[in-house]
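# could you look at this predicted model? Sequence included:
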Amino acid sequence: MRKAGRDKPVWSPLLNRPVQFTMDLSVLGVAFLLSYLLRFEFSLSDENLSGFWVQLPLVVLVQFSALFLSGIYDFIWRYIGLTELKNFVWAGVGSALPILAIRLFFPPAYQDWRTPLSIIVMDTLTAFGGVLGLRVVRRVFYERFERGLLGASDLARNDQEQTSSGVKKNVLLIGAGRAGVLAAREILSRPDLQVNVKGFLDDDPHKRGAVVAGIKILGGSDQLSALVKELGIDHVIITIAHASRAAIGHIVKLCEQVPVKARIIPGLYEILDGKVNVNRIRDVEIEDLLGRDAVKLEEDEVRRFLAGKVVMVTGAGGSIGAELARQIARIGPSRLLLVERAEFVLFDIDRNIRELWPGLDVFPLVADVGDEARMRSLLETYRPQVLFHAAAHKHVPMMERNSTEAVKNNVMATELVGRLAGETGIEAFVFISTDKAVNPTSVMGASKRVAELVVQCLDGSYDTRYVAVRFGNVLGSTGSVIPLFKEQIAKGGPITVTHPDMVRFFMTIPEAAQLVLQAGAMGEGGEIFVLDMGEPVRIVDLAKDMITLSGLRPFEDVDIVFTGLRPGEKMFEELQTTGEQVAKTRHPKIYIGKISPYSPEKVKEALQRLQELSRDNQEENLRLFLNELLPEASLATAPYANKPH
C-alpha cells in the first residue's frame, strides 16, 4: 500500500496557483511584446511604444480572464492532453473578439487603444500557444522523470522477471489503435519497465509504414514469425481495446507457432472503469479467448430502473450475486441490501463495495432465504423497490446427491421470497435461472425450471413485475471448470474432462450481470428472458488452450484424462435462442422465451407436493414427480445416494 504523499509530484510546491498565474502572465506579456516587434520589424517608434504600453495591460487582462472562463485553471498541468486543447482554442478566440471589436469600432481619437489586426492574430497564436506549451513541458517532465520515480517500486513487484536481469526485453505491439497508442506511450515514459518496443503490427493495410507514438508499424500479423526472428523479439503484447475471442485466439495461435510468448493489456473499458492501469501488461488468459465484445447497455433505461432506489440482492456473496451488487452500486441506488447466509463471503462483498463506492449506503444482511420470518422482517424493515434473487444451489453433481435440498432452496425459497416481494409491494422481482432448466436431466435444472413456473404464476397474483433470466456457464464462477483446470495444471495434471465431445456455453461474470440488469429493466412481467451466449466451446479444447497458455504442451507436459459423464450432466446445454422458441427484443443479446405458463392451480398443487417430498426426504419419489410435472425432463429415477465405499 502506498504511503501518504507518494503520489505527490516532486516539484509540485513550485507549481502552486500564484506561481502558475505569474508564469502565464509572463508568457502573455512576452507574447504581446514579440508580436509588436515582429509587426514593426523590431523598430518601434515613439507612437508605437505609446500604443504598446496602453494596450499591454488591456490585452493581458482580457486573455487572462479568458483562461479562467474557459476552465483552463481546473486542469492539472501534468495530465494535459488533446482533450483539453479545445479549451485553449476557445480561450484564444474568446479573448481576440473583444480586442478586435475595440480595433474596429473605437474612433480614431482612441488610436492608442486600437491594436493592429496583424498583432491581434500573431499575439493570440503566440500567447495561447505559449501557455499551452508550459503545460506540455510540465507533462513531458512528469512522464520522463517523476512518474518513473514514483512507480518504480510498484513495477518492480509487478515485473520482477523483467527487471531482475537489467536487460531490456524486445517486444512487438499488436494493434496500433487507441489502446496501442496508450500502451506505447506508457512504456516509452517508463524506462524502469525494461521494455524496448521494436514496432507495431496491425492488419489494417492503410497503416503499414506509418509511425504511431514514435513507433513504426512494421506490417501485419502475417509477418510475425519473420519479425520475431529478425528483431530478436522476447514477447508480443496484444494492444487491441476490444479484441474479439477469434482475434485473440488467432494471435495466440500465431505466437504458438513461432513460438513466442503472448501478453495482453486490459480492455479499455476496464481502464476507464478504474479497475486496472494501462501499464499492467499481463499474460493472455483463457478468459481472453472465451470473452466477447463488451456489452452495450441501454444505460438510460437501466438507470431509470435502479438509480435512486432501494435494491436488494439475495445470494450476494456468490459470483453472480456479487457482480450484480457491484454493477448496481455503479449505477447509484439510494440503498443496497446484500442478503447472504454465508458470513465470510458477505463480509467480502460488503468490504469490496464500500471500498469502490465509499459514499453508498450498503447493508450486509445475514439471512437464509428459506426463513420466512427473517425475510419478511427484512422486506418490511428496509422496503426494497427492486429485488434480484440470485440465491441458489447450482452445482449439478452435488445436487444429484442432495436433491431435496435443491428443491428447498431453488423452488420453495424462490416461491417464498417472490410471494413476500408481492405482499410488500416491491416494484420488480428478477429471478436468476439457468440454461440447465431447458429439457432438464438433473435435479438442479428441474428445480430451476419449476422456479421459473413459480415466478410466472406470481406475476399474475401481485402488482410486482416478475421476470426470470436464463444464461449458461459463467467464467470463473464458484464451482466452474476453469478454476478447477487451473488448479490441476498447477499440480502438474492430469486435467479431468468428462467426455471428449462435451460442449458448453460460456459468458464472463460482468457480461452476465449487465445483461441481467438490462433484462430486468425491459421486463414488463411474466417473461423468461434468454441471453445470447455466443458459440458453444468444447471442454477438451478449453483444457488444451489452458495448458498451452501456461507454456506447456497438452498430452505431453500435462495429460488430459476422460472420466465419463457425471450424474445429471448433459453432453451439451440448450438455450433455445433460435427458431420459433424465442422472440427478439430490442437488445441483440436478449431474447424472450416463448414458454407457456402453468395454471395457478397446477403450480400450487405442485408446490404442496414438492414441499412434502423434500421435507420427508423422499428423493426417489421427488424425481418421479419432477419427471411427471415437467414432460420435457428426463431425470434418473433412482437417487444418486451418498453411500460409503
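Right, received. Where do you want to start? Just so it is clear, the model here is predicted, and its values are computed rather than measured.
# pull the residues that contact whatever helix or strand V140 lives in.
Assigned by DSSP states H and E, V140 falls within helix 117-141. Helix 117-141 is touched from outside by 15, 23-24, 27-28, 30-32, 34-36, 38-39, 59, 63, 67, 72, 75, 77-81, 85, 88-89, 91-93, 95-96, 99-100, 103, 115, with contacts defined as Cβ atoms under 8 Å, 6 or more residues apart in numbering. In this view, the C-beta of every residue, glycine as well, is placed from N, C-alpha and C.
# would you map the strands across the stretch 501-645 of the chain?
503-504, 506-508, 528-531, 537-538, 560-562, 582-584, 590-593 (DSSP state E, counting those that start in this stretch).
# can you tell which of those is closest to R303?
strand 590-593 (17.4 Å; Cβ to Cβ).
# check the offset of the closest one from the chain's centre.
Centroid separation between strand 590-593 and its chain, computed with Cα atoms, centre = their mean, to the nearest Å, is 24 Å.
# before we move on, what about stretch 116-128?
46 Å.
# sorry, back to before: in ChimeraX, how would I select just the buried ones from the contacts of helix 117-141?
Of the contacts of helix 117-141, the buried ones can be selected in ChimeraX as follows, counting by 16 or more other Cβ atoms under 10 Å:
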select :15,23,24,27,28,31,32,34,35,36,39,59,63,67,72,75,77,78,80,88,91,92,95,96,99,103,115
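# pretty sure Q55 sits against T115.
Yes. Q55 lies in contact with T115 (Cβ atoms under 8 Å); the separation is 5.1 Å.
# elements contacting the helix or strand harbouring A246?
Using DSSP H and E, the element containing A246 is helix 245-257. In this structure, helix 245-257 packs against helix 224-231, strand 235-238, strand 261-264, helix 286-290, helix 539-549, with contacts taken as 3 or more Cβ pairs under 8 Å, 6 or more residues apart in numbering; DSSP states H and E.
# make it 7 Å
Judged by 3 or more Cβ pairs under 7 Å, 6 or more residues apart in numbering; DSSP states H and E, helix 245-257 is in contact with strand 235-238, strand 261-264, helix 286-290.
# what are the buried residues along the helix holding V140?
Buried-residue list, helix 117-141, by 16+ other Cβ under 10 Å: 119-120, 122-124, 126-128, 130-132, 134-135, 138-139, 141.
# just give me how far it sits from the chain centre.
On Cα atoms, centre = their mean, the centre of helix 117-141 falls 39 Å from the chain's centre.
# right, and Q55 touches Q111 too?
No. Using Cβ atoms under 7 Å, Q55 is not in contact with Q111, being 10.6 Å away.
# more crowded one of the two?
Q55 (23 against 12; other Cβ atoms under 10 Å).
# any idea how far that one is from D300?
Per Cβ to Cβ, to the nearest Å, Q55 is found 51 Å from D300.
# could you do G445 as well?
For G445 relative to D300 (Cβ to Cβ), the value is 35 Å.
# and A322, by the same measure?
From A322 over to D300 (counting by Cβ to Cβ), the distance is 25 Å.
# and the residue lying closest to L610 once chain neighbours are set aside, what helix or strand is that in?
Excluding the flanking residues, the one nearest L610 by Cβ to Cβ, 6 or more residues apart in numbering is V407, at 5.4 Å. Using DSSP H and E, V407 sits within helix 403-407.
# which helix or strand lies directly C-terminal to that helix?
helix 413-423.
# packing partners for the very next helix or strand once past that following helix?
The helix or strand immediately downstream of helix 413-423 is strand 428-432, counting by DSSP H and E. Judged by 3+ Cβ pairs under 7 Å, 6+ apart, strand 428-432 is in contact with strand 386-389, helix 413-423, strand 465-470, helix 509-522.
# export only the CA atoms of the third one, formatted as PDB.
This file holds the C-alpha atoms of strand 465-470, laid out as PDB (Å, rounded to 0.1, in the frame of the first residue of the first chain):
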ATOM      1  CA  ARG A 465     -43.300  -7.300 -12.200                       C
ATOM      2  CA  TYR A 466     -41.800 -10.800 -12.100                       C
ATOM      3  CA  VAL A 467     -39.200 -11.800 -14.700                       C
ATOM      4  CA  ALA A 468     -36.700 -14.700 -15.000                       C
ATOM      5  CA  VAL A 469     -33.400 -14.600 -16.800                       C
ATOM      6  CA  ARG A 470     -31.600 -17.700 -18.200                       C
END
